[in-house]
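In: below are the sequence and a predicted model for it; my questions follow.
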Amino acid sequence: MNAQRPPVPGAELPFWKRPIRLGAGSTDPAAPRLKPQARATLIRQMATLAAVMPISDAVATLARQPASEAEKAVLQRTNRALQGGSPLAAALPISAFPPEVKATIAAGEASGRLPLLLTRLADTLEAQVALRARLISSLAYPALLMLVALGVIIAMLLFVVPAIAEQLTGSGQPLPLLTRVILGLSNAVQKLWPLFLALPLLAGIGLWAWQRRGDNRTRLDTWLLSLPGVGGWLSALEGVRWSRLLATMLSAGLPLAEALSITAPTLGNRAWRHASQKIAAQVRAGSSLSAALPLLPNPPGLLVSLVQSGESSGRLAPLLESAATSLDRQLSDRSRTVLALAEPAIIVIMGGMVGVIILAVLLPILELNTLAGQSLGAR
């Protein structure tokens, strides 16, 4: 006869009042880690199998399937914990599944809607991975284009201009202003190239050290949100993450204040993070979400409108999901527009700089040819 599992503390309470336990041993330094894409895939597989079998059998089935070493370690550890009587939220290692994922799963288990919540959670994680991939792909080509163009300009200043400089200065003729400027820049790059390489590195280290002190990171993030164009883009990006995760946890049955408290640490922008914590405190004190929402720095207008409509209609979670979808679409459209404008702008600017260097080299040669032609004509 199988031994009965010990009763779960707080099982007699309604699910929204039960304590969410994320499990002991979650701080094990040897615990495996998962990339966001692998995490989303595992949650999707669990959701698919949990719809037709108990979650313990689903995890055991996945643990027997071919997978990467990290995924195998996560599934085996989770399977052992489930066989020992732990719920899924406590069995999942914290190193592979962050607190917001575990809290959502815990709420799904407590409410008896685990398969549905796993499906919603998989949708959320996959949407986050897709958004990140789109942003990286949008920025990769302009960054590579600028890097190649800068490399060409530096190579010209280091090798091409010095090779021609001796011929230009040996003619004895006064050089044009543009040529003198380019020659001076070339000499500076040749003599001070270690400094030019070290300056960006030192600036990056200094900025990193500065933003780790006190509230400097929050000040930096607040300043970035106030920049024209950039601030709206960053607010929309945080709005997608905030509203999508909050909608998922509300669908799981978590109270609004608790869902806000769990969502806040997942935000990348410290200003939004601190504002979300303040909103959670106000909601816990009895305020409505729409009344506290202006605490968010530069919140998207669409998000504010849909939160107000959701609270008034009692459909906050679906409208938060709609806000995330709409903001995600706006981000994609804006990224495509910026990318379409950035590529020709980089080509024109960098091409113009290369053209200036070539013109600076050709001007003295053209003047010498003109003088030679004039002297031959005088004879």
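Out: Thanks, I have it.
In: report the central residue of this structure.
Out: The C-alpha lying nearest the average C-alpha coordinate of the chain belongs to R132 (C-alpha atoms, centre = their mean; 5.8 Å).
In: leaving out the residues flanking it, which one is nearest to it?
Out: Beyond its immediate neighbours in the sequence, the residue positioned closest to R132 (C-beta to C-beta, 6 or more residues apart in numbering) is P36, lying 7.1 Å away. From N, CA and C alone the C-beta is placed, and that goes for glycine too.
In: identify the residues contacting that neighbour.
Out: Contact criterion C-beta atoms under 8 Å, 6 or more residues apart in numbering gives L125, Q128, V129, R132 as the residues in contact with P36.
In: give me the mean pLDDT for the helix or strand hosting the second one.
Out: It stands for Q128. When secondary structure is defined using DSSP states H and E, the element that contains Q128 is helix 114-155. For helix 114-155, the mean pLDDT works out to 83.
In: and stretch 221-238, by the same measure?
Out: Per-residue confidence for stretch 221-238 averages out to 86 on the pLDDT scale.
In: what sits up against it?
Out: Taking contacts as C-beta under 8 Å, 6+ apart, the residues outside stretch 221-238 that touch it are 131, 135, 267-272, 296-300, 327, 330-331, 334.
In: please identify the buried residues of it?
Out: Using 16 or more other C-beta atoms under 10 Å as the test for burial, stretch 221-238 gives D221, T222, L224, L225, G231, G232, W233, L234, S235, A236, L237, E238.
In: tell me which of those residues is nearest to V338?
Out: Sorting the buried residues of stretch 221-238 by how near they are to V338, with C-beta to C-beta, puts W233 at the top with 8.3 Å.
In: host element of the closest one?
Out: Assigned by DSSP H and E, W233 falls within helix 230-251.
In: now do the same for A30: its pLDDT.
Out: In this model, A30 is scored at 56, pLDDT.
In: on that earlier part again, from T119, how far off is the residue nearest to the centre of the chain?
Out: Applying C-beta to C-beta, to the nearest Å, one obtains 21 Å for the distance of R132 from T119.
In: repeat that for L366.
Out: Counting by C-beta to C-beta, the gap from L366 to T119 is 71 Å.
In: could the contacts of P36 go into a markdown table alongside distance to P255?
Out: What follows is the contacts of P36, written out as a markdown table (distance: C-beta to C-beta, whole Å):
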| residue | distance to P255 |
| --- | --- |
| L125 | 22 |
| Q128 | 23 |
| V129 | 28 |
| R132 | 29 |
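In: who wins for neighbours among those?
Out: By neighbour count, taken as other C-beta atoms under 10 Å, the most surrounded of those turns out to be L125 (23 neighbours).
In: test my guess that it contacts I43.
Out: Yes. Shown here, L125 and I43 form a contact pair, counting by C-beta atoms under 8 Å, at 5.9 Å.
In: between the two, what contacts are shared?
Out: Shared contacts of L125 and I43, defined by C-beta under 8 Å, 6+ apart, are found at V101.
In: please, which helix or strand holds A291?
Out: A291 is located in helix 289-292, with elements delineated by DSSP H and E.
In: tell me the helices and strands packed up against that helix.
Out: For helix 289-292, the elements it packs on are helix 270-284, helix 301-313, judged by 3 or more C-beta pairs under 8 Å, 6 or more residues apart in numbering; DSSP states H and E.
In: just the buried residues of the last one, please?
Out: Buried positions in helix 301-313, judged by neighbour count with 16+ other C-beta under 10 Å: L302, L303, V304, L306, V307, Q308, G310, E311.
In: chain center to stretch 186-205, what's the gap?
Out: How far stretch 186-205 lies from its chain's middle: 29 Å, per C-alpha atoms, centre = their mean, to the nearest Å.
In: what is the mean pLDDT for that stretch?
Out: With pLDDT averaged residue by residue, stretch 186-205 scores 83.
In: what residues does it touch?
Out: By C-beta under 8 Å, 6+ apart, the surrounding residues in contact with stretch 186-205 are I154, L157, L158, V161, P162, A165.
In: pretty sure L34 is touching I43, no?
Out: No. Assessed by C-beta under 8 Å, L34 is found out of contact with I43, at 10.1 Å.
In: and the two? Which one has more around it.
Out: Neighbour totals were compared for L34 and I43, and I43 leads with 24 against 19 (other C-beta under 10 Å).
In: measure the more buried one to A50 for me?
Out: In this view, I43 and A50 are 10 Å apart by C-beta to C-beta.
In: now V59
Out: According to C-beta to C-beta, V59 stands 9 Å off from A50.
In: quick one, which of the two is more surrounded?
Out: With other C-beta under 10 Å as the criterion, V59 and A50 differ in neighbour count, and V59 comes out ahead with 27 against 22.
In: now the element after the lowest-mean-pLDDT helix or strand in the chain, going C-ward?
Out: Least confident helix or strand of the chain, by mean pLDDT, DSSP states H and E, is helix 161-170 with a mean of 72. Sequence-wise, the next helix or strand beyond helix 161-170 is helix 177-211, with elements assigned using DSSP H and E.
In: what's the neighbour count on Q167?
Out: For Q167, the count of nearby residues is 12 (other C-beta under 10 Å).
In: so this structure: which segments form each domain?
Out: In the domain annotation for the chain, the residue ranges read 15-97, 136-379 (automatic domain parsing).
In: re the thing from before, and the residue nearest to R132, how far from I205?
Out: Separation of P36 from I205 (C-beta to C-beta): 27 Å.
In: kindly report the same for A51.
Out: Here the criterion is C-beta to C-beta. By it, A51 lies 50 Å from I205.
In: now do P265
Out: In this structure, P265 lies at 26 Å from I205, with C-beta to C-beta as the measure.
In: since that was my last question, I'll sign off now.
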